[in-house]
Structures are given as structure tokens and as C-alpha cells.
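Visitor: The following block contains a protein sequence and its predicted model.
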Amino acid sequence: MWLLPILPGLSRAAMSVYYRVRYAGAAIPRSGPVLLLANHPNTLLDPGLVLAASRRPVRFLAKATLFEDRWLAWFVRAAGAIPVFRRQDDPSRMDANREAFAAVEEALAAGAAVGIFPEGISHSEPHLAPLRTGAARLALGAAARLSSTLPIVPIGLVLRRRERFRSEALALIGPQVDWDDLARRGAEDAEAVRVLTSRLADALARVTVNLEGWEDRPLVDGAVRIWEAERGAPGEPSERMRRVDTAARLLAASRRAADPGTTKLVAELGAHVARLERLGLRPADLVAEVTLPRGVRWAMQRGRLLLLPASLLAIAGFLLFWAPRLLTGWVVDRLAPQAEERSSYNLVGGTLFYTIWLLLLAGITASIGGVWAGLAALPAIPAIGIGGLVVRERWRGAWSDARRFFLLRSRRDLAAALRARQADLAARIEAVVSGSHVPL
């Protein structure tokens, strides 16, 4: 388990490079036993996000087949993973899970953090899969061994475009699950296992996005952002997740009821969101200040992005790592992984190709400028690459902001019509929410 102590730092660095990730929500205990539960949309990157959010070593349950893979076995062992046998892999080995459960209970009794993905599979569905009972049985077994409860913390992994490099990601840490009333009943109590599993599912659902279909995501997200923009409500991650969950539930209920008024509202919401997307606008842009003084202040603040040092950094970073990025994309496209596996392939392949490329560049530098120059190149080249990446992202963001600003100022009639439409939609959304007696 020699890798375990350094994995949180490595994971946080790797995740911050691959995704534009935010960590939000409650605090995870920095010491003592804790059971961490997370949804599983993204295979190998999910443990990295959980580690990064936890900021402490975490031992994960991993499918036993990984320990038999000649490429990955050394890593999962070095990371302190605990093998668990799945029925779909080999039904005849399910009895061996007694050893896995005992190992988890021992780790928790020793004060470790243990991570588990209670859905049991990594998948591409727009909602949580039914939770297996293993997490509840582990918790109850550990409580019996400890003679006390332990914190159970849900972590929601919300990925906008999980397969895409530098896409948005959120690791939302929920409040600890309340289960003191069940802790003394033991893992053999089927009713306690059932009740605790239900509570775990509810806790995980509150920090994840759960939709009937992926096509609903723009509509649900748009409805929430329209309401927030018109009411001036903050977009704090835990509050927004609650609103998204409410909107998704109301959308599903409206479809079942087939109410004509709500059906019309949903259609008009979809049309408004689609129109904003075509125009490159966001709901908040329609209520933003677009006066000339504000535009001048904005231009002065971002003007430094166009200065020569920033421009040279952006270009150098792109050129230095253009080849391995192209190679990584080409190889992953040829391997054609499943949607939930693509980002893992990108990360593993990118780590390999970028490392080889870095060593090659450092070797060339050493051959020209000497050994010390080559050694200096090892940290300098990645720093240039990451710095250039940040500048290019800010370029894109600044260009998008400028385009929206000039669009809203040059097409004032269009902007006014969109604002009026959005205000009407927000009022109608609020009326539906009020009628449902569920706070948005």
C-alpha cells in the first residue's frame, strides 16, 4: 500500500488538469473511520475524484478481476484496494466476499476511510442505478465491530461532459447519513439492511442528477437557471442540486399527469432554452448589466490576456503538447471505448504519451544544453503546458463574454423580447412549484 499516502495529492493534481472541477458541500472527517459512498459514472476517474474531494487516503473496494489484470494489478494493490467479487464476473466466488467484508471492517476499525460505489457498476444512465445492499451490510458490520456508529458520507459526482478534456465537473459532498437507530441491529438483520440501503439511496440521490433521459438535462438545467436568474438566487452547488432534483421530479410528474398547462410550459421552456443556446446566451445574461462603462471595465480587466507574455505562453503550451494530445485522441478513437470508459482511456493514454513526450523533450534539451538544463526542463515544460492551457481557456471565456455583450447591446429589441419571455417563464415555473408544495 505504498501509494496510498500520496494518492490524495496526486489525484487532486490529476483531476484539476483533466477537468475544471469544483469541490463543494459538507466537510469530510479528516481522521477516524468513515465510509464514503459515490455514484459511478466514469470508471477509473471516479476514485480519483473521491480521493481529491476527501483530501485523505481512501481504500476502495475494487472488482476482483482488476487484481488479475497484469497491467493494473500492481496499481490496485499499491493503492490499498480491497478485492470484491461480483456475481456477473464469477458466481462461484461470491462466498469469498466474506473476506472482503472482514477486510473492510478491519480497515474501518483501524480508523481508515473506505470508499465504495454502491451501484455496483459504472454506467451511462441519467440516474442512479438501484443500490446494492453491500454498503449497508458493511456499515452495520463495522458498527458491530466498533461498538459505535461511524460517519457515512455521500459524494455526488456530476459531470457535464465526462469524456471531454477540461469539461466541467462537480464533486458535491452531502451531509452525513443519519443511522444511529439502526447501528446496533447488525448486518444479519435484513430489515435494518433494507432501511439503511434506502437511506443511502436517498442521500446519494440528493447530491446527484437524476433524470428520466439525458435529453431532459438542458430543459431541467435551463428551468433552474432561468428561475435563479430572475429571482437573483445564488447558484451555490448544493442549493442548485436541490433545485435540479425538484425540477426533474416535477417534469416527470407533469408527464405522468399529462396536464395541458404544464405540458405547454415545458414546450415553451424547451423552445426558450434552445433559442438561447443557438444565440450563445445564458439565462443570467438577459438580466446582466450591459452598459458601456461596464464593458470598458471588463475590457481593461481582461486586456492583459492579450499582452505578449500571455500570448507567448498560450502558443508555446499548445505547440509543446500538440503531438501527444493528437496521438492520445487518435488511439482512444481507434479503441472505441464505452461512453463511461472514454475519459479513463484518455487519462491513462494521455499520462503514458505525455510522459514519454516530456522525457523526449527533456532528453533533447539535455543534449543541447547539458544535464542541468534537461533536469530543469522536467518541471518547466509541464508548467508551460498548464499555464498555456489556462490562458487559452480564458481567451475562449473572454471571447464568449465579449460576443454576448455586443449581441445584447446591438440587438436591443431581441434582448428585450427574450427578457420579457424569460420573466414570464420564471413566474409560471414558480406557480407550478408553489402548487406542488415543494420549495425550489
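Guide: Looks like it arrived, so ask away. Numbers count the residues shown, from 1 in each chain.
Visitor: need the next SSE after the longest helix seen in the chain, C-terminal direction.
Guide: Criterion DSSP state H: the longest helix present in the chain is helix 371-410. Next along the chain after helix 371-410, taking DSSP states H and E as the criterion, comes helix 412-436.
Visitor: what's the next secondary structure element after whichever strand in the chain runs longest?
Guide: In the chain, assigned by DSSP state E, the strand with the most residues is strand 152-159. Once the chain leaves strand 152-159, the next helix or strand it forms, by DSSP H and E, is strand 168-173.
Visitor: what sits up against that next one?
Guide: Contacts to strand 168-173, defined as C-beta atoms under 8 Å, 6 or more residues apart in numbering, come from residues 15, 19-28, 49-50, 52-53, 153-162, 207-208, 237-238, 241. For glycine as for every other residue, the C-beta is placed from the backbone atoms N, C-alpha and C.
Visitor: any idea how far the spatially closest residue to Arg409 that is not a sequence neighbour lies from Leu157?
Guide: Counting by C-beta to C-beta, 6 or more residues apart in numbering, Arg409 lies nearest to Val290, which is 5.4 Å off, once chain neighbours are set aside. In this view, Val290 and Leu157 are 36 Å apart by C-beta to C-beta, to the nearest Å.
Visitor: Who has more neighbours out of these two?
Guide: Shown here are Val290 and Leu157; by other C-beta atoms under 10 Å, Leu157 has more neighbours (24 against 16).
Visitor: Helices of the stretch 251-400 of the chain, start to end?
Guide: Counting by DSSP state H, counting those that start in this stretch, the stretch 251-400 of the chain has helices at residues 260-279, 292-302, 308-320, 322-335, 339-369, 371-410.
Visitor: Least confident of these, on average?
Guide: The weakest mean pLDDT among the helices of the stretch 251-400 of the chain belongs to helix 292-302, with a mean of 82.
Visitor: so Val114 touches Val58, yeah?
Guide: Yes. Val114 lies in contact with Val58 (C-beta atoms under 8 Å); the separation is 6.9 Å.
Visitor: Off-centre distance for the longest strand of the chain?
Guide: Here strand 152-159 is found 8 Å from its chain centre; the criterion is C-alpha atoms, centre = their mean, to the nearest Å.
Visitor: Which strands and helices lie in contact with it?
Guide: Secondary-structure packing of strand 152-159 (3 or more C-beta pairs under 8 Å, 6 or more residues apart in numbering; DSSP states H and E): strand 34-38, helix 45-54, strand 168-173, helix 190-205.
Visitor: hmm, who's touching it?
Guide: Contacting residues not belonging to strand 152-159 are listed as 19, 26, 28-29, 34-42, 46, 49-50, 53-54, 139, 167-174, 176-177, 179, 200, 203-204, 206-209, 241 [C-beta under 8 Å, 6+ apart].
Visitor: burial count for the nearest residue to Ala366 once chain neighbours are set aside?
Guide: The shortest distance from Ala366 to any non-neighbouring residue, by C-beta to C-beta, 6+ apart, is to Gly374 (2.6 Å). Around Gly374 there are 18 other residues, counting by other C-beta under 10 Å.
Visitor: Report the contact partners of Gly374.
Guide: Applying C-beta under 8 Å, 6+ apart, we find Gly374 in contact with Ala362, Gly363, Thr365, Ala366, Ser367.
Visitor: how close does the third one sit to Ala380?
Guide: Meaning Thr365. From Thr365 over to Ala380 (counting by C-beta to C-beta), the distance is 9 Å.
Visitor: These two: which has the busier surroundings?
Guide: The residue with more neighbours, out of Thr365 and Ala380, is Thr365; 20 against 14, by other C-beta under 10 Å.
Visitor: Where does the prediction get shaky in the chain?
Guide: 71, 86-96, 436-440 (pLDDT under 70).
Visitor: domain parsing for it?
Guide: For the chain, automatic domain parsing gives the domain ranges 4-205, 214-289, 292-413.
Visitor: closest to Arg421 out of the ones you listed?
Guide: Between Arg421 and the domains of the chain, the tightest spacing by C-beta to C-beta is seen for domain 214-289, at 5.9 Å.
Visitor: okay, how far is it across the closest one, tip to tip?
Guide: End-to-end distance for domain 214-289: 33 Å, by C-alpha to C-alpha, to the nearest Å.
Visitor: Run the chain-centre distance for stretch 44-64.
Guide: The answer for stretch 44-64 is 13 Å, by C-alpha atoms, centre = their mean.
Visitor: Next: stretch 107-118.
Guide: Offset of stretch 107-118 from its chain centre (C-alpha atoms, centre = their mean): 21 Å.
Visitor: can you list the residues that contact that stretch?
Guide: With C-beta under 8 Å, 6+ apart as the test, stretch 107-118 has contacts from 28, 31-40, 46-47, 50-51, 54, 56-61, 82, 104, 131-132, 134-135, 138, 142, 145-146, 150, 197, 200, 204.
Visitor: Kindly report the same for stretch 181-199.
Guide: Stretch 181-199 is contacted from outside by 101, 118, 131-133, 135-141, 143-144, 148-149, 177-179, using C-beta under 8 Å, 6+ apart.
Visitor: So Val207 lies in a helix, does it not?
Guide: No. Per DSSP: H, G, I helix; E, B strand; the rest coil, Val207 lies outside any helix segment and is coil.
Visitor: need the contact list for it.
Guide: Contacts for Val207 (C-beta under 8 Å, 6+ apart) come out as Gly25, Pro154, Ile155, Gly156, Leu172, Ile173, Gly174, Ser238, Met241.
Visitor: how about Leu138, what does it touch?
Guide: Listed by C-beta under 8 Å, 6+ apart, the contact set of Leu138 reads Leu35, Phe101, Val104, Glu105, Val114, Ile116, Ala187.
Visitor: Noted, bye for now.
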